[in-house]
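Chemist: coordinates only, sequence not included:
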């Protein structure tokens, strides 16, 4: 399937693009110096839902958590509290942080998150992604690492503002604004904490095109129930064999995703777009399907990515709209 000789230029181009994070970000980080900063507000610090969260959103989040808690690896969510916070200005998305109650067993791995977006016209909430583990999206350790890389302590005197912003699963970032320095804005990756070659302009152009996926579990689909997670391979590092970069993209859809993933076991998702300033490939090695118990045939598929300790389930429709899937080759 991989035509390496014919795709050499393509490999070089993608390597240059993906290399931005591994080399370019480190160079950028050392170029900046900053004054003292304010205490960066940690997400999910209060243990209570934010007052700004609409009632329907809270109800939908509770139903989704209850659904997921009925099967592994989310059973710990049956003993969890939630915090709901808005993500970014103008994106109409919310971060639902899930964490164990004080009375939960000490070994209960309940910490996790959901991201829910409002549809622009239908007035419905969509479950765009969810996950588990200490290194999930918008987790505090990554933020603290990213701020340290910028020379900005997460706790201290005033000087910067941290805003979590979200324009879909491949555009989850922290926006760092420095007080007293108009126009000085930095963006950190919401998973790794790495400094991104993003600008306010590039962020705004990409975020303006974000539309919540139609084929995702929604607040108007009370009969949609979460099934078991299907794992077809162990988590893997896409950089372990970069020959996937020369592979042909699949035309994936809700109808053929299961068949193609089962046939190949491991796929790589790579975001595309004229305005993208960086790219991080996502390993795809499983999925979870939500089915309508009324027999209507309606379903929603969430692709499983992430690491062994921090899984991430992303609505397939959200990935289809923002990039390509290719086969991860079995041979080194």
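Modeler: Cool, the structure landed. These numbers come from a predicted model, not from an experiment.
Chemist: only C-alpha atoms for contact and neighbour calcs from this point on.
Modeler: Will do.
Chemist: Strands of the protein, start to end?
Modeler: In the chain, the segments counted as strands under DSSP state E are 80-87, 93-100, 112-118, 125-132, 160-166, 172-178, 185-189, 224-231, 267-271, 282-284, 286-292, 299-306, 311-315, 323-327.
Chemist: Residue 177 and residue 206: what is the separation?
Modeler: Using Cα to Cα, to the nearest Å, we find residue 177 at a distance of 19 Å from residue 206.
Chemist: picking that back up, would CSV of the strands of the chain with distance to residue 71, mean pLDDT and mean neighbour count be doable?
Modeler: Below are the strands of the chain laid out as CSV (distance: least, Cα to Cα, whole Å; pLDDT from 0 to 100; neighbours: other Cα atoms under 10 Å):
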stretch, distance to residue 71, mean pLDDT, mean neighbour count
strand 80-87, 15, 91, 22
strand 93-100, 16, 90, 25
strand 112-118, 15, 95, 25
strand 125-132, 13, 96, 26
strand 160-166, 28, 91, 22
strand 172-178, 27, 93, 23
strand 185-189, 30, 95, 22
strand 224-231, 6, 92, 18
strand 267-271, 25, 95, 22
strand 282-284, 20, 97, 25
strand 286-292, 11, 93, 21
strand 299-306, 15, 94, 24
strand 311-315, 14, 97, 24
strand 323-327, 28, 94, 21
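Chemist: Redo these as CSV? Include distance to residue 238.
Modeler: Rendered in CSV, the data for the strands of the chain read as follows (distance: least, Cα to Cα, whole Å):
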stretch, distance to residue 238
strand 80-87, 28
strand 93-100, 27
strand 112-118, 24
strand 125-132, 20
strand 160-166, 24
strand 172-178, 20
strand 185-189, 18
strand 224-231, 17
strand 267-271, 7
strand 282-284, 6
strand 286-292, 15
strand 299-306, 11
strand 311-315, 15
strand 323-327, 10
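Chemist: Check which helices and strands whichever helix in the chain runs longest sits against.
Modeler: The helix spanning the most residues in the chain, taking DSSP state H as the definition, is helix 55-68. Using 3 or more Cα pairs under 8 Å, 6 or more residues apart in numbering; DSSP states H and E as the contact criterion, the elements in contact with helix 55-68 are strand 224-231.
Chemist: Many thanks, I have nothing further to ask.
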